[in-house]
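Peer 1: this is the structure alone, sequence omitted:
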């Protein structure tokens, strides 16, 4: 590990506060292309500069960016992943982040995600699953190391977020000897140990996307929590700085797990909205602020010292306030949520008087609570949910999935809350300093109401 196990020390907030997303998810504009779009044009670079400024203001000190080098396929040779122009753009991005004191971690698939072309040209590195390499093949490990060398040798990257389970795993006879957690512990540990052997100070995060830490087939009974189950997770994390259990799958024994790890433990920042790549940025208004406070405080009290906040576009006003609120809360977990929300709204909208600030707070709280009280989602739930059709929409395109899941009564209740929020917003226009952002909320609320009416008519 690059740092001592300081995750149990008493801080005012979380030690590791990280914003995470694919390049396209930081975009201020809709991108009508297959996911993920990893273009780094001037407009996208400006979006990142704006995000970096916000991170510095509110307390996010790290960012995980997926798609810096490839979207889905590492080319052969690996250097073809970036041309000279993109190499310069990546370095400009890194320099801008470092100037603001923000460390950049590259998303890194471990034996899965990105290896399809390598498998096609060297089929012996895979045994059955065309998207993942086999852990029992020495040549597969060499390819994993080559990818690590390319990412960390050629660029001023501060570290990596490793994911090994996104595309499932190898199911060959040799690999089937290992349980799920045991298998992925081996992959992540081997890769982390390789990184540590060459770059001792790089930040290493393991994210369990696609892997549960609560599978009874992999783990001993709950009362044996410090036995085999802890052993596999200890191996997974012995050379890393952070373990992210993204959806809190270890909730039933989380505190005991934290006590037995040599790294910081964390999850996503409660419930997070997956930013719709293809939607106009004023098509929804769903902040996630005070909803997540009880969960995050409980995580902190259990000893969790790391949180990953999934990014949202700053051009969506609910998204900007969400990030401002989240960063400040994670930096000072005991602070009053109302005070944080008020400050986030003041920084975003520059209201001219306290009455306008009060009105904006009511708009945000009504929109947020109006959804979560009628959506069927539990308060305190953890994970990423998509308000559209997800990353890979069907033939009907990007539907308003978050509204379609509601019953007729719940949809009516939510509609009334949005109508009231819109009415309140109209009354305070004169007091808002940044009128363009006021207008973005108005557009968002009107679009939500239009979507609700269309869905009701279609039923």
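Peer 2: That came in fine, so what should we check first? Source: prediction; values computed, not measured.
Peer 1: other residues contacting the helix or strand bottoming out on mean pLDDT in the chain?
Peer 2: When the helices and strands of the chain are scored by mean pLDDT, DSSP states H and E, helix 228-237 comes last with a mean of 76. The contact list for helix 228-237 (Cβ atoms under 8 Å, 6 or more residues apart in numbering) reads 179, 181-182, 184-186, 188-189, 206, 213, 218-220, 243, 253, 256-257, 260-263. Bear in mind the C-beta positions are built from the backbone N, C-alpha and C, glycine included.
Peer 1: ok, now with 6 Å
Peer 2: Contact partners of helix 228-237, identified using Cβ atoms under 6 Å, 6 or more residues apart in numbering, comprise 181-182, 185, 188-189, 206, 219-220, 243, 260-261, 263.
Peer 1: following element in sequence after that helix, please.
Peer 2: Beyond helix 228-237 in the direction of the C-terminus, DSSP states H and E gives the next helix or strand as strand 242-244.
Peer 1: quick one, helices of the chain?
Peer 2: In the chain, the helices defined using DSSP state H lie at 42-58, 84-99, 116-121, 138-154, 180-198, 228-237, 254-259, 293-301, 317-331, 337-349, 354-372, 401-404, 408-427, 435-458.
Peer 1: what's the angle between the second one and helix 42-58?
Peer 2: Between the axis of helix 84-99 and that of helix 42-58 there is an angle of 10 degrees, by axes from the mean of the first three to the mean of the last three Cα atoms, to 10 degrees.
Peer 1: poorly predicted segments of the stretch 301-450 of the chain, please.
Peer 2: By pLDDT under 70, the weakly predicted segments of the stretch 301-450 of the chain are 378-380, 392-397.
Peer 1: circling back: and the least confident helix or strand of the chain, how far out from the chain middle?
Peer 2: Helix 228-237 has its C-alpha centroid displaced from the chain centroid by 24 Å (Cα atoms, centre = their mean, to the nearest Å).
Peer 1: and if you look at stretch 245-257?
Peer 2: Stretch 245-257 sits 17 Å away from the centroid of its parent chain (Cα atoms, centre = their mean).
Peer 1: and what of stretch 237-255?
Peer 2: Distance of stretch 237-255 from the chain centroid (Cα atoms, centre = their mean) equals 15 Å.
Peer 1: could you list the buried residues of that stretch?
Peer 2: 237-251, 253-255 (16 or more other Cβ atoms under 10 Å).
Peer 1: among the contacts of helix 228-237, which one has the most neighbours?
Peer 2: Sorting the contacts of helix 228-237 by how many neighbours each has (other Cβ atoms under 10 Å) puts residue 206 first, at 30 neighbours.
Peer 1: hang on, the earlier thing: most tightly surrounded among the helices of the chain?
Peer 2: Highest mean neighbour count among these (mean count of other Cβ atoms under 10 Å): helix 317-331, with a mean of 25.
Peer 1: so what touches that one?
Peer 2: Here helix 317-331 has contacts from 13-14, 17, 58-60, 269, 285-289, 307, 309, 312-314, 340-341, 344, 347-348, 437, 440-441, using Cβ under 6 Å, 6+ apart.
Peer 1: and stretch 247-267, by the same measure?
Peer 2: Contacts to stretch 247-267, defined as Cβ under 6 Å, 6+ apart, come from residues 5, 7, 16, 212-214, 225-226, 230, 237-238, 240-245, 302-307, 382-383.
Peer 1: could you check how many residues crowd around the residue nearest to residue 334 when sequence neighbours are not counted?
Peer 2: Excluding its sequence neighbours, the residue lying closest to residue 334 (Cβ to Cβ, 6 or more residues apart in numbering) is residue 12, at 7.1 Å. By the criterion of other Cβ under 10 Å, residue 12 has 9 neighbours.
Peer 1: poorly predicted segments of the stretch 1-150 of the chain, please.
Peer 2: Along the stretch 1-150 of the chain, segments meeting pLDDT under 70 span 1-11.
Peer 1: let's see 50
Peer 2: Where the stretch 1-150 of the chain drops to pLDDT under 50, the residues are 1-9.
Peer 1: partner residues bridging residue 19?
Peer 2: Assessed by DSSP bridges, residue 19 has beta-bridge partners residue 63, residue 309.
Peer 1: going forward can the numbers begin at 462, since that is how I track them
Peer 2: Sure, I'll start counting at 462 from here, so that last one is residue 480.
Peer 1: hang on, isn't it packed against residue 521?
Peer 2: Yes - at 4.7 Å, residue 480 and residue 521 qualify as touching, with contact defined as Cβ atoms under 6 Å.
Peer 1: list the residues that contact both of those two?
Peer 2: Between them, residue 480 and residue 521 share no contacting residue, judged by Cβ under 6 Å, 6+ apart.
Peer 1: return the member of the contacts of helix 689-698 nearest to residue 881.
Peer 2: Of all the contacts of helix 689-698, residue 881 sits closest to residue 704, with 42.4 Å by Cβ to Cβ.
Peer 1: quick one: residues contacting that closest one.
Peer 2: Taking Cβ under 6 Å, 6+ apart, one finds 667, 698, 724, 726 in contact with residue 704.
Peer 1: check contacts around the closest residue to residue 572 other than its chain neighbours.
Peer 2: Once flanking residues are discounted, residue 572 sits nearest to residue 594: 4.6 Å by Cβ to Cβ, 6+ apart. Counting by Cβ under 6 Å, 6+ apart, residue 594 makes contact with 572, 576, 586-587, 601.
Peer 1: most neighbours of all these, which one?
Peer 2: Most crowded among those, counting by other Cβ under 10 Å, is residue 572 at 34 neighbours.
Peer 1: which residues are in contact with that residue?
Peer 2: Residue 572 touches 593-594, 625, 648, counting by Cβ under 6 Å, 6+ apart.
Peer 1: quick check, nearest of those to residue 833?
Peer 2: residue 625 (32.3 Å).
Peer 1: just give the nearest non-adjacent residue to that closest one, would you?
Peer 2: Nearest residue to residue 625 in three dimensions, chain neighbours excluded: residue 571, at 3.9 Å (Cβ to Cβ, 6+ apart).
Peer 1: residue 834 now?
Peer 2: Nearest one to residue 834, counting by Cβ to Cβ, 6+ apart, is residue 874 at 7.7 Å.
Peer 1: how much space separates that neighbour from residue 746?
Peer 2: As judged by Cβ to Cβ, to the nearest Å, residue 874 and residue 746 stand 16 Å apart.
Peer 1: tell me, what residue is most central in this protein?
Peer 2: Taking Cα atoms, centre = their mean, the centroid of the chain lies closest to residue 771, which sits 2.9 Å from it.
Peer 1: surely that one meets residue 734?
Peer 2: No - counting by Cβ under 6 Å, residue 734 is not a contact partner of residue 771; they are 7.6 Å apart.
Peer 1: picking up where we left off before, find the nearest non-adjacent residue to the residue nearest to the centre of the chain, please.
Peer 2: Nearest one to residue 771, counting by Cβ to Cβ, 6+ apart, is residue 733 at 3.9 Å.
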